[in-house]
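Trainee: Here's a sequence, model it:
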Amino acid sequence: MTVLKFAFRNLVRLPWRTALYFMIVFFIVLAITASLFVYGACSDARKALDENYIFVASLIPRKEDSLSLRDIGYCVEQTDILSYNVSMSENDGIIVGGEYLRKLPEKTEVENAPLALTDEVGCQLIAVENLYLVYPFFTEECTICEGTGITEKGYMGDRAEAVIPWWFAEKYDISIGDLVTRRYYRDDYKQYIYLKTEVVGIYETSALSPNEEDYPVYIPLSIAEFDYANVVAERKTLTSELVIERADFVLKNRDSFENFFLQAKENGLDFRNADIVFNNSTYDIHMSELDNIHMVAMLVLCTVLVVGVGVLVFFTVYLCHSRKREQTMLLALGMSRHQIYAMMAIELVTIAVVSCFVGICAGYFMADTVCNYVNDSVLANVEISEKIENADQETLSNSVNLLEQEIKLEISIQNTMVSAPALAINDIKTIEENEIGISKHLYYNIGSHITSMLDGGARVPTTVIGITDMNVVKTSVFDDMTDTYEDFICVFVSEDFDMREVQNHRIFLTSYEKDGYVSLIKESVGLGNASTSETTQVIIVGTYEENEYCSGNDMLVCMEDYHRLYSEFSITDESFRFERIGKFMPLSDVREGENLP
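Mentor: All right, here's what the predicted structure looks like:
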C-alpha cells in the first residue's frame with residue numbers, strides 16, 4: 001500500500017513529468033491506431049473492389065463483318081472465364097407489327113395465296129447469350145420495368161423468350177406472357193420464316209431523348225441458333241462465315257486480362273480482324289488511389305514505430321535517471337530498491353494505460369475523420385478521372401462502348417462500401433467433384449421415315465435429356481447393336497417404348513412443332529414448314545429404367561451427344577459449339593433419387 005500511495009502521489013506532485021510522458025505515449029498510440037485503422041480500411045476496400053468489380057474483355061471487330069462466330073471459340077475455352085455474351089443479328093430478324101404480331105400466317109396452297117404479302121416492321125431482333133452483358137443493361141441505362149430478363153429456360157433453349165422495349169410494348173399494347181411473332185428472311189428461297197415468341201420482360205431506358213431504333217428486342221442466342229440454322233443459305237454454313245456484332249467475356253480478376261490475350265493469340269485468333277479491349281480503367285483508377293492511401297498509412301505507421309518508440313525509450317530512461325536524488329532519499333527513509341522500482345513502474349504503467357486508452361479512442365475518431373476526408377476529396381474526384389480515362393479509351397478503341405461500371409467506393413473503419421450495379425449475369429456452370437450435370441431440350445419425333453414429316457405426319461413431343469455421368473442411370477444395350485453406330489448420336493429410350501414402329505433403330509427428330517413454324521414465299525403465302533424444318537437422325541441403342549427425371553417418351557443421352565444433337569440443329573459445328581449445362585446436383589442426391597428435376 002505504501003508503494004501505491006507514493007506512486008500516485010508522485011503523479012500528482014510532478015504534473016509536468018506526468019503530462020509530458022502522457023503526451024508522448026498518447027501521440028504515439030494515436031498515430032499507430034489511426035494508421036492501422038486507415039490501413040485496414042484500405043485493405044478492406046481493395047478486397048471489396050476485387051470482389052465486386054466485373055472484369056470484362058471485349059472482342060470487337062476491326063471493321064464491319066470482320067468478327068465471326070468461330071472467333072468466339074478461340075477465346076471461350078479458357079479457365080479464367082466466368083461468363084460471356086455473344087450478340088448476333090442474322091437474316092433481317094424482327095418482331096413483326098400489324099396483322100401477324102400475335103398470330104402466325106395461315107397456311108394456304110400457293111395458287112390460293114394472296115400476292116404481295118407485306119408485314120409492318122415492328123422491332124429489330126438481337127440474339128444474346130447474356131442479357132446483362134449487353135452495354136445498356138450492364139451500365140443500367142436500360143432496366144427491366146415489367147416481368148424479368150431472359151430466364152434459365154430461355155438461356156437453355158427450352159422456351160423462345162423475348163425482352164421487348166417499352167416503346168414497342170406501348171405501341172402494340174403488349175403485356176407480359178403475350179405471344180408475339182418473330183420473322184426472318186431466307187434469301188436463297190425468297191422466303192419469310194415466322195415463329196412464336198413469349199414476352200417475358202419489358203425494359204425502359206434512362207436516356208433523356210431516346211431514339212427508338214436504338215432499343216431492339218432481345219432473344220436468347222440458344223433459340224436464335226435454331227432459327228438461323230433454318231434460314232441461312234445452307235444448313236451447314238461455317239461458323240467462320242457467321243458474323244457477330246461483338247463478344248464480351250467476364251474474367252476472374254485483373255491478372256486474367258494478360259492471360260486471356262495470350263491464350264486467344266495462341267489459339268489462333270486473327271488480330272487483323274478483331275481487337276481485344278479491357279474495362280480496367282475504372283478499376284485501375286480506384287486501385288491506384290487506394291494504393292496511395294495504403295502506402296501513406298504504412299509510412300506513418302513505420303515512422304511512428306521507429307521514431308516514436310525511440311523517443312519513448314529515451315524519455316523513459318531519462319526520467320528514471322533524473323530521479324537519482326529521490327531514490328537516495330527514499331532509501332534513507334527505509335524503502336528497499338525493489339519497492340522503489342515497483343513504485344516507478346506503477347507510475348509509468350498507470351500513465352501508459354491511461355494514455356493508451358485515450359490514444360486508442362482518439363485514434364479511432366481520427367481514423368474516421370481521415371476516411372471521411374478521403375471519401376470527400378480523393379475518392380470523390382475519381383469519378384472525374386474515370387470519365388476522362390474512359391473517353392480516351394473509347395477514342396483509341398474506335399468509339400466502342402466499353403463495359404465500364406459506375407463504381408462508388410467509400411472507405412470506412414466500420415464498413416467499407418463498394419456500390420456497383422447488381423447484375424443477374426448468367427454465369428458459366430462447371431461441374432465440381434461429386435456432381436453431375438443434367439440438361440434437357442424438347443424436340444419432336446417424326447418416326448423412322450423423314451417422308452412422314454413431308455406428308456404432314458404427327459410430331460410427338462420428345463424431351464432429350466443429357467447427363468454427364470451415365471453410370472447413375474440403369475441402362476441396357478440391345479444385343480444386335482454393333483460398332484457400326486459409334487459415329488452416330490446414340491440414345492436410350494424407356495423400357496415401355498414401342499420398338500415395333502422403329503426400323504433399323506433410327507428415329508428422326510425435328511426442332512419445331514407442326515404448327516409452330518410457317519414459311520412464306522416473298523410474294524405469297526407458302527405451304528408451311530415441311531420443306532424447310534431441319535431433321536436429324538438418332539440411333540436407339542438400348543433402354544433405361546424409368547426414374548424421377550427420365551420416363552415415357554424421354555430419350556437419354558450422354559452430355560457429349562446432347563451437345564452434338566443441339567449443334568446439329570443450330571448454326572454451330574464441330575469447330576465450335578456452345579456447351580450449356582442446365583442443372584447441377586450432388587451425386588449422392590441423384591443416386592438416392594432425391595431433388596431431381
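Trainee: Need phi/psi at residue 177.
Mentor: Per-residue torsions, residue 177: phi 90, psi -10 (degrees, to the nearest 10).
Trainee: And it, how far from residue 202?
Mentor: Distance from residue 177 to residue 202, counting by CB to CB, to the nearest Å: 11 Å. The C-beta positions use only the backbone N, C-alpha and C, and glycine is treated the same way.
Trainee: Same question for residue 548.
Mentor: Distance, residue 548 to residue 202, by CB to CB: 36 Å.
Trainee: if you count what's nearby, which of these two comes out ahead?
Mentor: More crowded of residue 548 and residue 202, by other CB atoms under 10 Å: residue 202, with 22 against 11.
Trainee: My understanding was that the more buried one contacts residue 149; is that so?
Mentor: No - using CB atoms under 8 Å, residue 202 is not in contact with residue 149, being 10.6 Å away.
Trainee: Need the residues touching each of those two.
Mentor: residue 163 (CB atoms under 8 Å, 6 or more residues apart in numbering).
Trainee: any low-confidence regions in the stretch 1-150 of the chain?
Mentor: In the predicted model, the stretch 1-150 of the chain carries pLDDT under 70 at residues 1-14, 107-119.
Trainee: Could you pull out the strands in it for me?
Mentor: 55-61, 81-88, 94-97, 120-128, 142-147 (DSSP state E, counting those that start in this stretch).
Trainee: Please list the residues outside stretch 409-420 that contact it.
Mentor: With contacts defined as CB under 8 Å, 6+ apart, stretch 409-420 is touched by 37-38, 40-42, 44-45, 48-49, 51-54, 286, 290, 293, 364, 367-368, 371, 374-375, 379, 382, 405-408.
Trainee: Domain map for the chain?
Mentor: 2-51+285-381, 54-282, 435-592 (automatic domain parsing).
Trainee: Now do the same for the last one: mean pLDDT, whole number.
Mentor: Domain 435-592 shows an average pLDDT of 77 in the prediction.
Trainee: Now do it: distance to the chain's middle.
Mentor: Domain 435-592 sits 30 Å away from the centroid of its parent chain (CA atoms, centre = their mean, to the nearest Å).
Trainee: And for the first one?
Mentor: For domain 2-51+285-381, the distance between its averaged C-alpha position and the chain's averaged C-alpha position is 48 Å (CA atoms, centre = their mean).
Trainee: could you pull out the helices for the stretch 251-400 of the chain?
Mentor: 256-267, 281-303, 309-321, 324-332, 337-373, 382-396 (DSSP state H, counting those that start in this stretch).
Trainee: I'd like the ones you listed laid out as a markdown table, including mean pLDDT.
Mentor: Supplementary listing: the helices of the stretch 251-400 of the chain in a markdown table, determined by pLDDT from 0 to 100:
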| stretch | mean pLDDT |
| --- | --- |
| helix 256-267 | 87 |
| helix 281-303 | 85 |
| helix 309-321 | 75 |
| helix 324-332 | 70 |
| helix 337-373 | 81 |
| helix 382-396 | 50 |
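Trainee: on that earlier part again, go through the domains of the chain and name the closest to residue 422.
Mentor: Nearest of these to residue 422, taken as CB to CB: domain 54-282 at 9.4 Å.
Trainee: now do the same end-to-end measure for that closest one.
Mentor: 11 Å (CA to CA, to the nearest Å).
Trainee: and if you look at stretch 80-98?
Mentor: Criterion CA to CA; first-to-last residue distance in stretch 80-98 is 46 Å.
Trainee: Okay, buried residues for that stretch please.
Mentor: 80-91, 93-97 (16 or more other CB atoms under 10 Å).
Trainee: so how far is residue 38 from residue 368?
Mentor: In terms of CB to CB, residue 368 sits 9 Å off from residue 38.
Trainee: higher neighbour count, the two?
Mentor: residue 38 (26 against 17).
Trainee: roughly how far apart are the residue nearest to that one when sequence neighbours are not counted and residue 363?
Mentor: Once flanking residues are discounted, residue 38 sits nearest to residue 297: 4.4 Å by CB to CB, 6 or more residues apart in numbering. Separation of residue 297 from residue 363 (CB to CB) stands at 12 Å.
Trainee: Then residue 543?
Mentor: 75 Å.
Trainee: same question, residue 509
Mentor: Distance of residue 509 to residue 363, computed by CB to CB: 72 Å.
Trainee: likewise residue 410?
Mentor: Here the criterion is CB to CB. By it, residue 410 lies 20 Å from residue 363.
Trainee: Please identify which of the two sits among more neighbours.
Mentor: A side-by-side neighbour count of residue 410 and residue 363, using other CB under 10 Å, places residue 363 first with 24 against 19.
Trainee: Nearest the geometric middle of the protein, what residue?
Mentor: The C-alpha lying nearest the average C-alpha coordinate of the chain belongs to residue 425 (CA atoms, centre = their mean; 3.8 Å).
Trainee: Confirm for me that residue 104 is in contact with residue 194.
Mentor: Yes - proximity of residue 104 to residue 194 meets the contact threshold set by CB under 8 Å, at 5.1 Å.
Trainee: Overlap of the contact sets of these two?
Mentor: Joint contacts of residue 104 and residue 194 (CB under 8 Å, 6+ apart) are 181, 518.
Trainee: Need the strands of the stretch 1-150 of the chain in a markdown table (columns: distance to residue 568).
Mentor: What follows is the strands of the stretch 1-150 of the chain, written out as a markdown table (distance: least, CB to CB, whole Å):
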| stretch | distance to residue 568 |
| --- | --- |
| strand 55-61 | 26 |
| strand 81-88 | 19 |
| strand 94-97 | 27 |
| strand 120-128 | 19 |
| strand 142-147 | 32 |
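Trainee: Out of those, the one nearest residue 586 is which?
Mentor: Across those, closest to residue 586 is strand 81-88 (CB to CB), at 21.9 Å.
Trainee: what pairs with that closest one, and is each one parallel or antiparallel?
Mentor: According to DSSP bridges, strand 81-88 has the following sheet partners: strand 120-128 (antiparallel), strand 246-251 (antiparallel).
Trainee: just the CA coordinates of stretch 437-453, formatted as CSV?
Mentor: Extracted in CSV, the C-alpha atoms of stretch 437-453 (Å, rounded to 0.1, in the frame of the first residue of the first chain):
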residue,chain,number,x,y,z
GLY,A,437,-24.8,-32.0,-64.8
ILE,A,438,-28.2,-32.5,-66.4
SER,A,439,-29.6,-30.7,-69.5
LYS,A,440,-32.9,-31.2,-71.4
HIS,A,441,-34.4,-29.9,-74.6
LEU,A,442,-37.7,-30.5,-76.3
TYR,A,443,-37.6,-32.0,-79.8
TYR,A,444,-40.3,-33.6,-82.0
ASN,A,445,-40.2,-37.3,-83.0
ILE,A,446,-41.4,-37.8,-86.6
GLY,A,447,-40.6,-41.6,-86.7
SER,A,448,-38.2,-43.7,-88.8
HIS,A,449,-39.1,-42.1,-92.1
ILE,A,450,-38.5,-38.4,-93.0
THR,A,451,-41.2,-38.6,-95.6
SER,A,452,-43.8,-38.7,-92.7
MET,A,453,-43.0,-35.1,-92.0
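Trainee: can you pull the buried residues of that stretch?
Mentor: Buried residues in stretch 437-453, counted by 16+ other CB under 10 Å: 437, 438, 439, 440, 441, 443, 444, 445, 446, 447, 448, 453.
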